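In: okay, structure incoming, though there's no sequence with it:
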């Protein structure tokens, strides 16, 4: 298995730590980069400013409740941009709102996961992401 690049777009520092700890607990060998708002996510994807030398992600874990540019707008940007639309976007958020779920699927989210509060349940979610998106799914080959 070739390691993949994961971009975690999350503004809550506690959720960032929890996600990284969950990945560490399952000994994920992939690289996880973190940005803290929607504007940074778009700059990261376009390799602008301090992100000039980053590697394009193979997968994006995206919160929808973000400052500056919200996650739904980031998702729409990704899925409407020729270069980025093939990157799988997993919505990983605390919202269980039916409207949020419908809105993100309408913008072509690849899946929607509501973050559990309990750490052990969160580990189970991260394991399922790792199992499905990293071990089972064939991700698109980068053309850059």
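Out: Received it, and whenever you're ready, just let me know what you need. Everything numeric in this text was worked out from a predicted model, so none of it was measured.
In: so which residue is dead centre in the chain?
Out: Here the mean C-alpha position of the chain is nearest to the C-alpha of residue 61 (CA atoms, centre = their mean), at a distance of 1.1 Å.
In: can you pull the pLDDT of the residue lying closest to residue 33 once chain neighbours are set aside?
Out: Nearest residue to residue 33, sequence neighbours excluded (CB to CB, 6 or more residues apart in numbering): residue 7, at 5.3 Å. C-beta coordinates here come from the backbone N, C-alpha and C atoms, glycine included. You'll see residue 7 listed with a pLDDT of 96.
In: and the gap between residue 7 and residue 61?
Out: 7 Å (CB to CB, to the nearest Å).
In: same check on residue 120?
Out: For residue 120 relative to residue 61 (CB to CB), the value is 19 Å.
In: go on, residue 104?
Out: Taking CB to CB, one finds residue 104 at 13 Å from residue 61.
In: tell me the spacing between the residue nearest to residue 33 and residue 50.
Out: Using CB to CB, we find residue 7 at a distance of 14 Å from residue 50.
In: for residue 20, same thing?
Out: For residue 20, the distance to residue 50 - CB to CB - is 20 Å.
In: neighbour count winner among the two?
Out: The neighbour comparison of residue 20 against residue 50 (other CB atoms under 10 Å) goes to residue 20, with 16 against 10.
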